[in-house]
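Enquirer: Turn this into a model:
(one chain, ligands or ions: 2)
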Amino acid sequence: MKINVAQLRRLGGGTEKYHFNEGLSPLQLGEDEFAFQSPVDVELGVINAGKSLLVKGRISCEIGAACSKCLKDFPYKMSFEFEDKFIPVEFAPEEEDDGAFIFERDECSIDERIQEHILLHLPMRFVCSDLCLGLCPKCGADLNFNPCGCADVDVDPRLEILSKWNKGV
Ligand SMILES: [Zn+2]
Ligand SMILES: [Zn+2]
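Expert: Ligands and ions are numbered 1, 2, ... in the order given. This is a model prediction of the structure:
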């Protein structure tokens, strides 16, 4: 994903829109790697604000993740809005500003910047569905597909007497 801001900068004002739908290399987070399951969709509006470019956009993507409850791989979909500030290197502040993306030429690749934004939006843990039942802590069965019955075996003995009584055993 490359944006060319030459014209925008020459005009000294105005807004330019960009739309990308491209593959990105996998995200690295510590020892974990997350591959994109489909092209990443990025919509950007870039506003020339004089010494910087203000960027407003939306990123939509699908990441291969593993559910922390049932361990199943599933595509984790995310779509979020973000704002950013791109500063040409000649106007870059002396002190490093993590909140801004410094670019050197009028044409710049924004792949890494987009990846950074996605990393910031990853959840602490992935869950395949709000309704995911997870794995049985006793036998490891996936309770979404295979109710193993371990939980039933664990009935309080006093309640068991009661249930036998109810069934008339
Ligand atoms: Zn799950
Ligand atoms: Zn079980």
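Enquirer: what residues are up against Pro147?
Expert: Ala141 (CB atoms under 8 Å, 6 or more residues apart in numbering). No exception for glycine: its C-beta is placed from N, CA and C like everyone else's.
Enquirer: Pull up the gap between it and ligand 1, please.
Expert: As judged by CB to the ion, to the nearest Å, Pro147 and ligand 1 stand 15 Å apart.
Enquirer: can you give me phi and psi for that residue?
Expert: phi -60, psi 110 (degrees, to the nearest 10).
Enquirer: Ligand 2 versus that one, what's the distance?
Expert: Pro147 sits at a distance of 8 Å from ligand 2 (criterion: CB to the ion).
Enquirer: residues touching the residue nearest the centre of the chain, list them.
Expert: The centroid of the chain falls nearest to Leu122 when counting by CA atoms, centre = their mean (4.0 Å). Going by CB under 8 Å, 6+ apart, Leu122 touches Leu27, Leu29, Phe34, Ile63, Met78.
Enquirer: repeat that with 10 Å
Expert: For Leu122, the contact set (CB atoms under 10 Å, 6 or more residues apart in numbering) comprises Leu27, Leu29, Asp32, Phe34, Ile63, Ala65, Tyr76, Met78.
Enquirer: before we move on, what about Leu24?
Expert: By CB under 10 Å, 6+ apart, the residues touching Leu24 are Met1, Ala35, Phe36, Pro39, Val40, Val42, Cys61, Asp111, Glu112, Ile114, Gln115, Ile118.
Enquirer: Tell me, how many residues neighbour the nearest residue to the fifth one once chain neighbours are set aside?
Expert: The spatially closest residue to Val40, leaving aside those adjacent along the chain, is Cys61, at 4.4 Å (CB to CB, 6 or more residues apart in numbering). Burial of Cys61, expressed as a neighbour count using other CB atoms under 10 Å, amounts to 24.
Enquirer: Nothing else from me, thank you.
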